[in-house]
Every structure is written in C-alpha cells, then in structure tokens.
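Colleague: from the sequence below, what's the structure:
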Amino acid sequence: MDYESTLLQVVRNPALMNKINFQCVKEYGVDGLRVWMPPDPLDVAKVDGIWYGVDPQTGRRLGRVDFAGGGAVLPLEEPTLVTEEDIERIPVVSADDVIRSGKLNAVKAIIDEAGEDYFVISYAGHFTVEYLTVARGKMQAMIDLVERPEFCHKAEEKALQVAIRNGLALARIGIHGLMIADVYGGVMSPAHFKEFCLPYFRRFVEAMRPTGTLIYLHVCGNSRGILEMMADTGVNCIEPLDPLGGVEVKDARRRVGHRVALMGGVNTVKLAHGSLPEVIDDCRRCLQEGAVNGGYILAAGDMLPTETSREKVQAMVEAARAYTYR
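Modeller: Below you'll find the model as predicted:
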C-alpha cells in the first residue's frame, strides 16, 4: 500500500499508526518507540483535490489530512473555545476513568507486546500554547496571548488537568516515558514561553514525578532563546535541537550542561536530500558535540522526513552504536 493510502487508512483506524511504528522499530533494530493515544476514528472525503477527516455521524469536515506531517487531521481554523463557559464545559475525568474508557487499549497492547525489550513512550496531550492553537486557531491563539491572557491561562489550566490524568493513566498501564511539547515554542517570544509554557510544563512534570516516568520536552525550530528554560521545566531530556532553526548541539550542551539529556540535532534536509556520507558525517558531528560523558540521544533535528531512505536511517542506527565519546 502506498504512503497516501496508508495514512488515509490510519485516519479511519487510528490504532494502526502504533502498529506501523512498532513494525518500523523492529525492522530497523532500535529498542524504543513512541505510541499515541489514538483519536476517534473518522471517515475521509476528497473535496477539490484535498483529503479531509470527516465526522462519521454528521458528515461534517473536521480538518485536512496532513500527509506532509505524518497523517494527523489538522483542525480547520474554527475555534472550539470562544467563551469561558466553553472552557468550564471541558470534562476532566480521573486516570482510572481514562483507563476504563478503553482509550488506552491500543497503547496497552503495544506495551504488552514490547515486554522488557523496548522502551515505550507516549503523549498525554497538548496543554500549553499548542493547545490554544488547536482550540482557537493558529493566528487567533497568538493574538489571544496579547489580548486575552487570562482566557488563555484558564484554557491551559483545564488542558493541563486533562493531560495530567492522561499521563497518570498511561503510567499505570506501564508506559516508560512521556513526551511533552509545544511546537510553537520557537516562534513565540521567550517572555511568552516563560508565562504560557514554563509553569504548565513544570506542573505536569511534578505531577508525574511520583510515577517514575521519564519525560522529554519537544520544542520545534529556533529554541536557542529558551534552552535554559526548557531545562528548568524539570524534564529528563530536551529536544530536537533543530539545526535548521539555528540550534547547535554543542551550544545546548555548553548552556545546560548535564542537567538534562539532549536529543536530536541531525540535519533533516540532509536526511531527506543529502548523500549517505553527509548523513554519516552529521551524525558523527552530533555525537562529538553532545555525547561526551553520556546524556545524548542521536536523533533527527525534528521528525524523520518522509523522503529519508532506509539506508540513511540504518546509518543513523549504526552511528549511534559505533561512536562513543567519553
């Protein structure tokens, strides 16, 4: 089945994504994988050449299928939160109820299959500015940070409570690690990151600390201005150290030391379009800059581009095993 057809099938059956991820992990011989809490299944419809995720009950178009970004359904720019009453109506259920709902059954199946052989990571949901961009639309969310800061804080507070309970539920079914993220962290100012992201990340980490679950923080793009704050969240690791955003592994190591582990840094343009020797050299550079005395995970400076060849992925795996700097 081709790439597009596979992603459309995932929209219809979201649990399939975790199975595909696990299959790739096995084929490449790595020992960790990330699995998602599957969203509700959707129908799909093609309108004017664009594929949309469609509510199976009402037929309403909910969002555009993001083939470039891995198959997620990107919400249409229609706010789901308008008033504070909308925020109050968002349900917050207990971790036990999350488990009882069956939403984590697909994740639990992967954890059980992984056994002791794989480190399994998941995601408890958006709860900082990224949440606002989904609930309010990207442009409106950025305007709200300035014009309606209290509204933003109330929305984030509710999203945080939902994410904490999802995280606790994931820990109870045996997840080993969690990703928390704000892909807009490199776009907003450091002052806005400090106000609208840092305290919520800290509270999530504190809520999860008793479970012993390891946590890493993902901020796309130019995170140079907030590296210390990312480390100050209390997470175990920060990533993806995107070189296209001007982030350097050596600079991150110099600034945060070994307070947290580092992950990422491999140039995604080289992974997509560079030669195999260029990818190998870039992996060696990242290892030399980040792996001295440990605390570094070799990875792309964001996600692997869809154009990345099997040979380049295998080269990254082999580089991580072969190069050790102490």
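Colleague: the stretch 151-300 of the chain: strands as residue ranges?
Modeller: 177-181, 214-218, 237-239, 261-263, 296-297 (DSSP state E, counting those that start in this stretch).
Colleague: deepest-packed of these, please.
Modeller: Of all the strands of the stretch 151-300 of the chain, strand 237-239 has the most neighbours on average by mean count of other C-beta atoms under 10 Å, namely a mean of 25. Placement of C-beta: from N, CA and C, glycine included.
Colleague: ok so, going back, out of the strands of the stretch 151-300 of the chain, which gets nearest to residue 54?
Modeller: When those are compared by C-beta to C-beta, strand 177-181 sits nearest residue 54, at 26.7 Å.
Colleague: adjacent strands (with direction) for that closest one?
Modeller: Strand pairing for strand 177-181, determined by DSSP bridges: strand 119-123 (parallel), strand 214-218 (parallel).
Colleague: how close does residue 240 sit to residue 13?
Modeller: Separation of residue 240 from residue 13 (C-beta to C-beta, to the nearest Å) stands at 28 Å.
Colleague: what residue ranges in this protein score low on pLDDT?
Modeller: 1, 324-326 (pLDDT under 70).
Colleague: okay, the strands paired with strand 177-181 in TSV with distance to residue 186 next?
Modeller: As requested, those are exported to TSV (distance: least, C-beta to C-beta, whole Å):
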stretch	distance to residue 186
strand 119-123	19
strand 214-218	11
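Colleague: minimum distance to residue 100: which of those has it?
Modeller: Using C-beta to C-beta, those put strand 119-123 closest to residue 100, at 17.7 Å.
Colleague: now the element after that closest one, going C-ward?
Modeller: Next helix or strand after strand 119-123 toward the C-terminus (DSSP states H and E): helix 129-136.
Colleague: so what are the domain limits for this structure?
Modeller: 77-239, 256-326 (automatic domain parsing).
Colleague: mind putting those domains into CSV with distance to residue 41?
Modeller: As requested, the domains of the chain are exported to CSV (distance: least, C-beta to C-beta, whole Å):
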stretch, distance to residue 41
domain 77-239, 11
domain 256-326, 23
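Colleague: point out the one among the ones you listed that comes closest to residue 54.
Modeller: domain 77-239 (14.5 Å).
Colleague: what residues are up against the closest residue to residue 137 other than its chain neighbours?
Modeller: In this structure, residue 137 finds its nearest non-sequential neighbour in residue 77, 4.1 Å apart by C-beta to C-beta, 6 or more residues apart in numbering. Applying C-beta atoms under 8 Å, 6 or more residues apart in numbering to residue 77 gives the contacts 137-140.
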